[in-house]
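**Student:** structure, please.
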Amino acid sequence: MQHAHVTISLDGFMTGPDVGPDQPMGAGGERLHDWIFDPSPADREIISETFATAGAVVLGRRTFDVGFGQWNDTPYPVPSFVVTHRTRDDLPAKSASFAFTADLAEAVRRAREAAGDRHVIIMGADVTRQALEAGLVDELRLQIAPFTLGSGTRLFTGTVPHGFECLDARVTPHATHLRYRVVS
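**Tutor:** Numbers count the residues shown, from 1 in each chain. Just a heads-up that it's a prediction; the model follows:
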């Protein structure tokens with residue numbers, strides 16, 4: 001099963017404005033992940049569930065470029081597949097490795113094989129949009145942080161319409177955690 005994991009602000013931004021090496025999440029965007037970096041007990045439960053079921057990750061080059069310096073490893077301790085037009089040799093990391101491919105469907109196929117009976121996590125705005133449009137996402141796991149950013153990177157900009165069926169909703173001090181099944 002492929003799950004897109006996304007945290008957005010109340011106004012729909014995955015990053016703040018001015019993303020760069022000094023501000024990987026853009027101005028104010030680091031607050032999006034308070035639920036991870038300052039978790040409540042309920043947030044910890046969601047984090048534990050995610051780590052326990054993760055088998056592989058698919059992410060975009062921008063997410064890799066911005067995140068690798070922060071993680072100093074794969075985002076989860078599983079094989080990670082980077083979708084990019086600038087491919088390179090595999091990059092070993094502490095917990096697993098990064099493989100680079102120019103084709104999203106190929107990255108998801110390889111991740112699916114690597115994950116076995118566990119979930120493939122899809123990360124990053126552009127890759128998530130492309131995967132939704134290609135029908136490669138089974139579930140959207142959406143965290144909504146209780147503040148606005150005003151501008152930045154949106155998740156659903158330019159996407160084709162989709163339907164979603166709510167499977168779960170949990171509210172914590174730092175986020176509303178939603179699980180949706182993607183319906184065609």
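**Student:** okay, and the residue nearest to Asp34 when sequence neighbours are not counted sits in which element?
**Tutor:** The shortest distance from Asp34 to any non-neighbouring residue, by CB to CB, 6 or more residues apart in numbering, is to His174 (4.4 Å). For every residue, glycine as well, the C-beta is placed using N, CA and C. Applying DSSP states H and E as the criterion places His174 outside every helix and strand.
**Student:** mind listing what His174 touches?
**Tutor:** Counting by CB atoms under 8 Å, 6 or more residues apart in numbering, His174 touches Asp34, Trp35, Asp38, Pro39, Ser40, Asp43, Ala145, Pro146.
**Student:** same thing with Pro39?
**Tutor:** Here Pro39 is in contact with Ile47, Thr172, His174 (CB under 8 Å, 6+ apart).
**Student:** adding pLDDT and distance to Ala134, write those out as CSV.
**Tutor:** Putting these into CSV (pLDDT from 0 to 100; distance: CB to CB, whole Å) gives the following:
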residue, pLDDT, distance to Ala134
Ile47, 95, 28
Thr172, 96, 31
His174, 95, 31
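**Student:** nearest to Gly12, of those?
**Tutor:** His174 (17.3 Å; CB to CB).
**Student:** find the centremost residue of this protein, please.
**Tutor:** Met123 (2.5 Å; CA atoms, centre = their mean).
**Student:** from Phe156, how far off is that one?
**Tutor:** Met123 sits 16 Å away from Phe156, taking CB to CB, to the nearest Å as the criterion.
**Student:** circling back to that earlier point, and the residue nearest to the centre of the chain, backbone torsions?
**Tutor:** phi -130, psi 150 (degrees, to the nearest 10).
**Student:** okay, and the nearest residue to it once chain neighbours are set aside sits in which element?
**Tutor:** In space, and not counting its chain neighbours, Met123 is closest to Leu59: 4.3 Å by CB to CB, 6+ apart. Taking DSSP H and E as the definition, one finds Leu59 inside strand 54-60.
**Student:** direction included, what does that strand pair up with?
**Tutor:** As defined by DSSP bridges, the strand partners of strand 54-60 come to strand 80-83 (parallel), strand 119-123 (parallel).
**Student:** which parts of the helix or strand of the chain with the lowest mean pLDDT are buried?
**Tutor:** Lowest on mean pLDDT, DSSP states H and E among the helices and strands of the chain sits helix 61-71, with a mean of 85. Buried positions in helix 61-71, judged by neighbour count with 16 or more other CB atoms under 10 Å: Arg61, Arg62, Thr63, Phe64, Val66, Gly67, Phe68.
**Student:** okay then, goodbye and thanks.
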